[in-house]
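In: here is a sequence together with a model predicted from it:
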Amino acid sequence: MAQVTPREVLLNTALIRGLADQAKDAALLHGVLMRTEECPNSSEVMTYAPFTLFPTPVPSDVFHQALEVQTHFNVLVDRISQDPVFLEDALASTIKSDDFTGKLFNIYRQILKEGQSQSIVLGLNRSDYMLDQREDGSSALKQIEINTIAASFGGLASKTPTVHRHVLQVAGLLEQSQRILDNNPAAGLGRGLAKAWELYGSERAVVMFLVEDVQRNILDHRYVENELWRRNITTIRRRFDDLSETMSLDKDNRLFVNDQEVAVVYFRNGYMPQNYSSEQSWETRLTMERSLAVKCPDISTHLAGTKKVQQELARPGVLEKFFPDQPQVVEQIRATFTGLYTLDMGPEGDQSVKMALANPDRFVLKPQREGGGNNIYGSEICRVLEGVRGSVERSAYILMDKIQPQPVHNYLLRRDASLQLSMCLSELGVFGAYVRQGGDMVMNECVGHLLRTKSSEYADGGVAAGVAVLDNPLLV
Ligand code: ADP
Ligand code: MG
């Protein structure tokens with residue numbers, strides 16, 4: 001086939017239809033899979049996980065900037081998790097106004113009082129960014145948030161490069177096809193889990209994935225599980241409800257599920273209020289935190305990933321406190337921060353409210369929630385802030401500058417959706433994995449990336465929420 005330009009391809013309808021069909025087959029062939037909405041807990045029927053037809057151009061310098069800062073974010077999260085004074089101060093107002101964060105914090109306090117039984121810490125996180133468009137046309141890497149619990153799509157992201165390479169090859173874009181990077185977060189996440197399991201030091205003990213009630217994205221987990229099975233490490237999957245009757249601690253605080261000792265609990269659930277459907281689920285979380293099992297994350301690392309902590313980190317002098325002798329590290333991390341503003345009661349919070357009301361389209365209002373679809377934008381910001389501005393309720397939120405990426409044309413492939421050219425925005429995620437034993441960091445790595453893309457019509461919402469789709473960066 002003659003060499004064609006990307007633009008010609010993008011507008012050639014017949015070619016696009018053929019490519020989309022081939023792309024979907026490639027996704028099935030290479031295991032970019034999800035269960036269906038109608039049968040979310042059965043693998044009898046599977047479909048492709050939604051993805052873009054084409055990879056999205058990402059400037060090479062900002063991409064590498066994101067990879068390079070990741071091990072510093074790992075250390076930062078880990079240090080925050082070991083600083084009760086900081087966590088207590090940072091979250092003091094939030095835990096009074098946000099019941100969910102308050103409940104997590106109660107567990108944290110309880111564990112602080114009793115003392116942690118396990119000194120091995122495993123962190124598997126994902127730092128998410130958008131590229132803010134500067135006036136001179138260049139783009140700046142700006143952090144959206146860091147996910148310290150249940151960061152997903154490391155499995156499927158390991159399989160999407162092959163799919164995009166194939167699509168570009170079929171489209172005659174050979175040179176581009178060769179520029180799609182290898183990516184294997186599943187291997188790195190698996191390595192972290194395996195390291196924690198090994199340090200725990202019991203051959204017979206298992207790794208337990210704590211999973212959701214609805215498990216459409218099970219294949220994403222399976223890729224990580226597979227990394228453990230191939231090392232002869234047994235993994236089990238349990239929901240909160242499965243554990244109320246079967247989980248126990250022995251006299252040394254070792255965690256058992258029926259008769260199986262658990263070396264590592266990997267939370268792929270437990271980050272939203274609705275994940276804790278009863279008091280029993282909260283009890284189960286507390287029991288796991290008390291146990292000798294390595295928790296990924298432990299309660300303090302979970303709290304280190306809250307949006308309120310993110311906002312407190314952006315205050316002058318705070319990063320310096322976590323990296324006292326490393327001004328370059330501070331600079332590298334801070335370069336990724338956009339404006340973040342407190343809404344706590346007091347003159348500073350009053351100022352933030354005023355600023356947001358005067359210019360709502362410049363900001364995002366964020367509650368302490370995860371999982372997509374919770375943030376507040378535009379005129380809705382005014383409505384919410386008008387309602388809470390005079391009360392402590394407002395400290396359940398933080399205010400953040402809205403990042404404005406350059407929209408790019410692409411086709412979003414999603415089951416039963418019509419094929420149409422969309423204006424899209426992308427979000428780059430970088431996976432971090434670390435293991436600490438007492439005072440020693442025994443592993444600290446950047447283990448891969450994830451690009452997700454959504455139609456610019458939507459302000460918010462992830463892949464699981466049915467808004468964003470999987471993508472790959474094409475470095476330019
Ligand atoms: P969640 O924990 O629900 O994933 P996020 O902070 O990641 O919360 O926000 C969800 C989505 O909202 C992001 O994926 C992004 O699309 C959008 N978003 C969040 N913060 C900003 C921001 N500061 N500027 C622009 N878009 C944002
Ligand atoms: Mg997010």
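Out: That came through, no problem. Ligands and ions are numbered 1, 2, ... in the order given.
In: identify each buried residue in stretch 461-469, please.
Out: If you call a residue buried by 16 or more other C-beta atoms under 10 Å, then stretch 461-469 has these buried ones: Gly461, Gly462, Val463, Ala464, Gly466, Val467, Ala468, Val469. No exception for glycine: its C-beta is placed from N, CA and C like everyone else's.
In: again with stretch 401-415
Out: Within stretch 401-415, the residues scored as buried using 16+ other C-beta under 10 Å are Lys402, Ile403, Gln404, Pro405, Val408, Asn410, Tyr411, Leu412, Leu413, Arg414.
In: repeat for stretch 194-201
Out: Ala194, Lys195, Ala196, Trp197, Glu198, Leu199, Tyr200.
In: among these, which are in helices?
Out: Within those, membership in helices is found for Ala194, Lys195, Ala196, Trp197, Glu198, Leu199, Tyr200, as judged by DSSP state H.
In: nearest to ligand 1 among the residues you listed?
Out: Nearest to ligand 1 among those is Ala196, at 24.5 Å by C-beta to the nearest ligand atom.
In: CA atoms only: put stretch 387-394 into CSV for me.
Out: What follows is stretch 387-394 as a C-alpha-only set of coordinates in CSV (Å, rounded to 0.1, in the frame of the first residue of the first chain):
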residue,chain,number,x,y,z
GLY,A,387,-25.4,26.2,49.0
VAL,A,388,-22.4,25.4,51.2
ARG,A,389,-20.3,28.6,51.3
GLY,A,390,-21.3,29.5,54.8
SER,A,391,-21.0,26.1,56.4
VAL,A,392,-18.3,23.5,57.2
GLU,A,393,-19.8,21.3,54.5
ARG,A,394,-17.7,23.2,52.0
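In: mean confidence for it?
Out: When pLDDT is averaged over stretch 387-394, the result is 92.
In: and that stretch, which residues are buried?
Out: Buried, per 16+ other C-beta under 10 Å, within stretch 387-394: Val388, Arg389, Glu393, Arg394.
In: stretch 362-382 now?
Out: Across stretch 362-382, burial judged by 16+ other C-beta under 10 Å covers 363-372, 374-376, 381.
In: what sits against Thr284?
Out: When contacts are counted by C-beta atoms under 8 Å, 6 or more residues apart in numbering, Thr284 touches Phe240, Leu243, Ser244, Met247.
In: what about the residues you listed, which are in strands?
Out: Helix and strand membership here follows DSSP state E; of the contacts of Thr284, those in strands are Met247.
In: so for the contacts of Thr284, which is the shakiest by pLDDT?
Out: Of all the contacts of Thr284, the model is least confident about Ser244, whose pLDDT is 93.
In: what about it, neighbour count?
Out: Around Ser244 sit 14 other residues, with neighbours defined as other C-beta atoms under 10 Å.
In: after the helix or strand encompassing Met443 comes which helix or strand?
Out: Of the helices and strands defined by DSSP states H and E, Met443 is found in strand 440-455. Scanning the chain past strand 440-455 towards its C-terminal end, the next helix or strand to appear is strand 469-471 (assignment: DSSP H and E).
In: now do the residue of the stretch 251-400 of the chain found nearest ligand 1, the pLDDT please.
Out: Closest approach of the stretch 251-400 of the chain to ligand 1 (C-beta to the nearest ligand atom) occurs at Glu370, with a separation of 3.9 Å. With respect to pLDDT, Glu370 scores 91.
In: could you do the one 5 residues further on as well?
Out: In the prediction, the pLDDT value recorded for Asn375 is 95.
In: so what's it up against?
Out: With contact set as C-beta under 8 Å, 6+ apart, Asn375 has these partners: Val364, Leu365, Lys366, Pro367, Ala459, Asp460.
In: can you lay out these as TSV showing distance to ligand 1?
Out: Converted to TSV, the contacts of Asn375 look like this (distance: C-beta to the nearest ligand atom, whole Å):
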residue	distance to ligand 1
Val364	4
Leu365	10
Lys366	6
Pro367	9
Ala459	6
Asp460	4
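In: contact partners of stretch 221-231?
Out: Outside stretch 221-231, the residues that touch it by C-beta under 8 Å, 6+ apart are 31, 154-156, 158-159, 186-187, 189-191, 193-194, 197, 207, 209, 211, 215, 234-235, 237, 266, 268.
In: buried subset of those, written for PyMOL?
Out: Here is the PyMOL command that picks out the buried ones among these, judged by 16+ other C-beta under 10 Å:
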select buried, resi 31+154+155+156+158+159+186+187+189+190+191+193+194+197+207+209+211+215+235+237+266+268
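In: out of the contacts of stretch 221-231, which are inside helices?
Out: Short answer: the contacts of stretch 221-231 in helices (DSSP H) are Ala186, Ala187, Leu189, Gly190, Arg191, Leu193, Ala194, Trp197.
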